[in-house]
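Student: For reference, the sequence and a predicted model appear below.
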Amino acid sequence: MTTADGVAGPADRRRFATLGRSVTLFRAFLVEQTDPDHFYGLLAGDSVRQVSGYTALAGRTVLDVGGGPGYFASAFRDAGARYVGLDPDVGDFSAAGESVAGMLRGSGTALPVRSASVDVTFSSNVLEHVSEPARMLDEMARVTRPGGVLFVSFTPWLSPWGGHETAPWHYLGGDRARRRYQRKTGRPPKNRYLETLFPVSISDALRWARGSRDVEVLEALPRYHPWWARWVIRVPGVREIVAWNFVLVLRRTGPEPGGAAEKQS
């Protein structure tokens, strides 16, 4: 059932998370390298629909931490949101034809944004590229207003795609997978183990969320799976491999985090 402000209820979210959707996303993933516009455009629309299942977006301010090439900007704006993307390299937005106006340059572990100033903080496949993932989560909670929503997804290290372009050899060790990739291609991988790619787990993220006084967990689920496969998240160990990609949906609680210095945008 959909609420008065247009937010989907649990039954609506289940109807959205179909096997057909999962198959469509997987097929698009297969051409991520050769046709990124197709894959990331599809993923952006799908992600906005997921976020809309937890909070209304029209008129709300969304901060996309690690906005990358900007594929999500159009999708969020089409939903009526005031979108602000943040990335260490703002120039990356041009890859999707986006203007850099309204984009921020900065680090996910030190967001240049005032505390409690945005309605939704969103991050897609960034946490595994941060050396201090808990600090990034702390920052996302800090800048979200009480009652606002945090939507964080990432690829766990033990996922079949955990090593990114070096997968599946990351199962034998990140350094070994990196060396093998360089021998095979003659160049280092973009996602370099312990430099630009870090072994983050679902257990790490859940431990942070359950131990934080600033958020409550609304949902923890495998991002691309149909609704009836969400049980895998309840099984430690298995979830790290089978989930493929993990989503943590949180609600900001209480006042601003104690002692956090306010940062001006």
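Tutor: Thanks, I have it.

Student: What are the boundaries of the strands in the chain?
Tutor: All strands of the chain, identified by DSSP state E, fall at 61-65, 82-87, 104-105, 118-124, 144-154, 215-222, 246-252.

Student: Serialize those strands to TSV and add fields for mean neighbour count, mean pLDDT and distance to W228.
Tutor: C-beta coordinates here come from the backbone N, C-alpha and C atoms, glycine included. What follows is these, written out as TSV (neighbours: other Cβ atoms under 10 Å; pLDDT from 0 to 100; distance: least, Cβ to Cβ, whole Å):
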stretch	mean neighbour count	mean pLDDT	distance to W228
strand 61-65	25	97	29
strand 82-87	23	93	32
strand 104-105	16	88	39
strand 118-124	24	97	24
strand 144-154	22	98	20
strand 215-222	19	97	11
strand 246-252	23	98	16
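
Student: Ok, which of those strands comes nearest R13?
Tutor: Comparison of those against R13 by Cβ to Cβ identifies strand 215-222 as nearest, at 8.3 Å.

Student: just the angle between the closest one and strand 144-154, please?
Tutor: Per axes from the mean of the first three to the mean of the last three Cα atoms, to 10 degrees, the angle that strand 215-222 makes with strand 144-154 is 20 degrees.

Student: Could you name the helices and strands sitting against strand 215-222?
Tutor: Under the contact definition 3 or more Cβ pairs under 8 Å, 6 or more residues apart in numbering; DSSP states H and E, strand 215-222 sits against helix 202-211, strand 246-252.

Student: could you point out where the stretch 1-150 of the chain is predicted with low confidence?
Tutor: 1-6, 8-11, 68-69, 89-102 (pLDDT under 70).

Student: Roughly how far does M140 sit from S212?
Tutor: Applying Cβ to Cβ, to the nearest Å, the value for M140 to S212 is 11 Å.

Student: for L248, same thing?
Tutor: Distance of L248 to S212, given as Cβ to Cβ: 11 Å.

Student: related to what we said a few turns ago, dump the strands of the chain into a markdown table; add distance to Y40 as well.
Tutor: Below are those laid out as a markdown table (distance: least, Cβ to Cβ, whole Å):
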| stretch | distance to Y40 |
| --- | --- |
| strand 61-65 | 13 |
| strand 82-87 | 13 |
| strand 104-105 | 20 |
| strand 118-124 | 9 |
| strand 144-154 | 13 |
| strand 215-222 | 19 |
| strand 246-252 | 17 |
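
Student: so which of these comes closest to L197?
Tutor: Among the strands of the chain, strand 144-154 comes nearest to L197, with 11.0 Å by Cβ to Cβ.

Student: quick check: angle from the closest one to helix 202-211?
Tutor: In terms of direction (the same axes, to 10 degrees), strand 144-154 departs from helix 202-211 by 170 degrees.

Student: by contact count, what packs against strand 144-154?
Tutor: helix 36-52, strand 118-124, helix 133-143, strand 246-252.
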